[in-house]
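*Asks:* Sequence and computational prediction follow.
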Amino acid sequence: MSGNSLSEKSLSGKTNSWKTVVGLEIHAQMSTRSKMFCACVRSTGTAPNQHLCPVCAGWPGALPVINQAAVRRAIRAAISLDCGVQRESRFDRKNYFYPDLPKGYQISQFYRPYALGGAIQFERDDGSSGVLPLVRIHMEEDAGKSVHAEDGTSRIDLNRCSSPLLEIVTEPLQMSGVEAARCVRSTRELLRWIGVCDGDMEKGNLRADVNVSIHREGDTVLGTRTELKNLNSFVSIERSVEVESARQAVVLEAGGVIRQETRLWDQDLEQTEEMRGKEDSPDYRYFPDPDLPLLIIESSDIDRERDSLPESLGDRRTRYIDQLKVDARDAESILARREFGDFFDQLLAAGLSPASASNWFRGEVLKHLNDREESIEDYPLTAASIAEVVEAVEGDRISVAKGREILQAALDQGCSPAKILAQTGEQVSDEAALIGWVQQVVDANPDAAEKIRAGDSKPLGFLMGQVMKASSGQAHPRRVQEILQRLIQHD
């Protein structure tokens, strides 16, 4: 059995006496308008090589300039992860050759990163709170992207070159693959919440290198680590840790030696495969970048970013669930993005109860966004205009169905819900009018009425629909149901 690519299926029963230790390097592309060291637009999903200039393309003599917006976001991330922001830091050149690195080096921070210490909070497998200590966070530029075609050729897209990255480096900690994935998820949620990174793992805007080693319980020396490179989903993080730790156990049990190396994860085969020997820092020949000055972060810069931070995710979750009594599962949908919670708060400010705001936000706003794969920033209706329609529903002036129709019509027509609401007839609750419509429908459908009298309630929905049709949707649904049941039983 080869030690280079083993699936977990062949490893069962081999790993019980070994403990897995994981260290993470989380790479988060910061959501700035421009790149880290030039004015090119930071963009993903566009045609290849559209956003390039002499700086990010590595032309000789082109000089980099630090993006202040990226530095501000980096400070915000460091504060939120309880790091110590360093007053002085600097950029270094990390030298290596790869086709998508046109300069032949990457501008990073090695000797003097801008943030030290800190921690990631996560949930342990037993439900307890875990803390993964950080070594550092540093700023750097992203490389380009190799695109491999089915015909065996490879092409280079340099759009991503010099996009601003944060690299969050953790200490090694004993944990499972599930817990490792939770650490990355927790970090992603935090960075999205504070507006530092959009967290789109599918586009590679957040990805992780995972270092895995194993040792016997009670050993004080950690085992040799392998690095699993560029994992961009929680499933791949979880499964690759479990499979790689099991692979190492098989190698060691057979008397073999674990090599320090970089390995790739094959999601389809569920196995890790050798990529190359793992470099150490001397291999990169780091030296201070002569084109960039010392980066000075003033205390006023830190205070400004701390003051600009939104209400924390934990505090908002507590407010929604414990104080406003929003259902916990419903609250998680609202808390998926900070902008969702902001819109929900606007519905509350417009006068809706927490229950109504939750129901209409999830049922109408989120449904619309999910169906069209749009962001809430593009949603055209205001919270106040939605609240006006909901208040008409709760005031028994229109039905729930009519309220939904009005909101959808406003989206389709690109107009205000208030305009459509003003043209909508109010819900009819007059007893005589309702009895007339109900009697007309019952007389036209005697078989359905007879089934209801015999104890079959299924035709009731059909008759309700016929009454609503006869009334052009204006009959009060609850009153219609009461009258239907009364007339049928006493007919």
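*Replies:* It's in. Quantities reported herein were computed from a predicted structural model and do not represent experimental measurements. Numbering: from 1, shown residues only.

*Asks:* what about the stretch 1-150 of the chain, any weak spots by pLDDT?
*Replies:* Within the stretch 1-150 of the chain, the stretches falling below the threshold (pLDDT under 70) are 1-16.

*Asks:* From the rest of the structure, what touches stretch 117-124?
*Replies:* Stretch 117-124 has contacts (CB atoms under 8 Å, 6 or more residues apart in numbering) with 78, 81-84, 129-137, 168, 170, 179, 182-183, 185-187. Every residue, glycine included, has its C-beta placed from N, CA and C.

*Asks:* Just the buried residues of those residues.
*Replies:* Those of the contacts of stretch 117-124 that meet the buried threshold are 78, 81, 83, 130, 132, 134-137, 168, 170, 179, 182-183, 185-187, by 16 or more other CB atoms under 10 Å.

*Asks:* can you list the domains in the chain?
*Replies:* Domain segmentation of the chain under automatic domain parsing yields 8-296, 310-422, 431-490.

*Asks:* for these, which one sits closest to I302?
*Replies:* Ranking these by their distance to I302 (criterion: CB to CB) puts domain 8-296 first, at 5.5 Å.

*Asks:* out of the domains of the chain, which comes closest to D303?
*Replies:* When these are compared by CB to CB, domain 8-296 sits nearest D303, at 9.8 Å.

*Asks:* Determine how far that closest one lies from the middle of the whole chain.
*Replies:* Distance of domain 8-296 from the chain centroid (CA atoms, centre = their mean, to the nearest Å) equals 17 Å.

*Asks:* Equivalent analysis for stretch 408-417, please.
*Replies:* 29 Å.

*Asks:* what does that stretch rub up against?
*Replies:* If you take CB under 8 Å, 6+ apart as the criterion, stretch 408-417 is touched by 368, 380-381, 385-386, 388-389, 406-407, 419-420.

*Asks:* now swap in stretch 327-334 and tell me
*Replies:* 317, 320-321, 326, 340-341, 344, 358, 361-362, 366.

*Asks:* Name the member of the residues you listed with the most neighbours.
*Replies:* In terms of neighbours by other CB atoms under 10 Å, the contacts of stretch 327-334 top out with F344 at 27 neighbours.

*Asks:* That one: what's it in contact with?
*Replies:* By CB under 8 Å, 6+ apart, the contact set of F344 is 320, 334, 357-358, 361.

*Asks:* could you redo the last one with a cut-off of 7 Å?
*Replies:* By CB atoms under 7 Å, 6 or more residues apart in numbering, the contact set of F344 is 334, 357, 361.

*Asks:* Check D209 too.
*Replies:* Contacts of D209 were listed using CB under 7 Å, 6+ apart, and they are 25, 227-230.

*Asks:* Go again with 6 Å.
*Replies:* Taking CB atoms under 6 Å, 6 or more residues apart in numbering, we find D209 in contact with 25, 227, 229.

*Asks:* State whether E274 is indeed within a strand.
*Replies:* Yes: assignment of E274 by DSSP: H, G, I helix; E, B strand; the rest coil places it within a strand.

*Asks:* Number of residues surrounding it?
*Replies:* Using other CB under 10 Å, E274 has 15 other residues around it.

*Asks:* Output the below-cut-off pLDDT ranges for the stretch 351-491 of the chain.
*Replies:* Along the stretch 351-491 of the chain, the model assigns pLDDT under 70 to residues 424-431, 433-434, 448-449, 451-452, 454-459, 470, 472-478, 480-482, 484-485, 487-491.

*Asks:* residue boundaries of the helices in it?
*Replies:* Assigned by DSSP state H, counting those that start in this stretch, the helices in the stretch 351-491 of the chain fall at 354-360, 367-372, 383-394, 400-413, 417-422, 431-444, 446-453, 459-470, 477-490.

*Asks:* ok, now the stretch 101-250 of the chain?
*Replies:* Along the stretch 101-250 of the chain, counting by DSSP H, counting those that start in this stretch, helices occupy 177-193, 234-253.

*Asks:* Take those helices and lay them out in TSV including distance to G58 and mean pLDDT.
*Replies:* Shown next, in TSV, are these (distance: least, CB to CB, whole Å; pLDDT from 0 to 100):
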stretch	distance to G58	mean pLDDT
helix 177-193	28	96
helix 234-253	31	95
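
*Asks:* Tell me which of those lies nearest to K145.
*Replies:* Nearest to K145, of the helices of the stretch 101-250 of the chain and by CB to CB, is helix 234-253 at 18.0 Å.

*Asks:* buried stuff in the closest one?
*Replies:* Buried residues in helix 234-253, counted by 16+ other CB under 10 Å: 234, 236-252.

*Asks:* go on, stretch 211-228?
*Replies:* By neighbour count on 16+ other CB under 10 Å, the buried set for stretch 211-228 is 211-215, 223, 225-228.

*Asks:* Pretty sure T262 sits against E273.
*Replies:* No: T262 is beyond contact range of E273, at 10.4 Å (criterion: CB atoms under 6 Å).

*Asks:* So for the two, which residue has more residues nearby?
*Replies:* Neighbours of T262 and E273, each counted by other CB under 10 Å, are more numerous for T262; the result is 17 against 13.

*Asks:* The more buried one in helix, strand or coil?
*Replies:* strand.

*Asks:* Quick one: residues contacting it.
*Replies:* T262 is in contact with 227, 229, 275-276, 278, counting by CB under 6 Å, 6+ apart.

*Asks:* what's the span of stretch 77-84 from first residue to last?
*Replies:* One end of stretch 77-84 to the other measures 11 Å (CA to CA, to the nearest Å).

*Asks:* Contacts for it next, please.
*Replies:* The contact list for stretch 77-84, computed with CB under 6 Å, 6+ apart, reads 85, 115-119, 137, 166, 190, 194, 196, 306.
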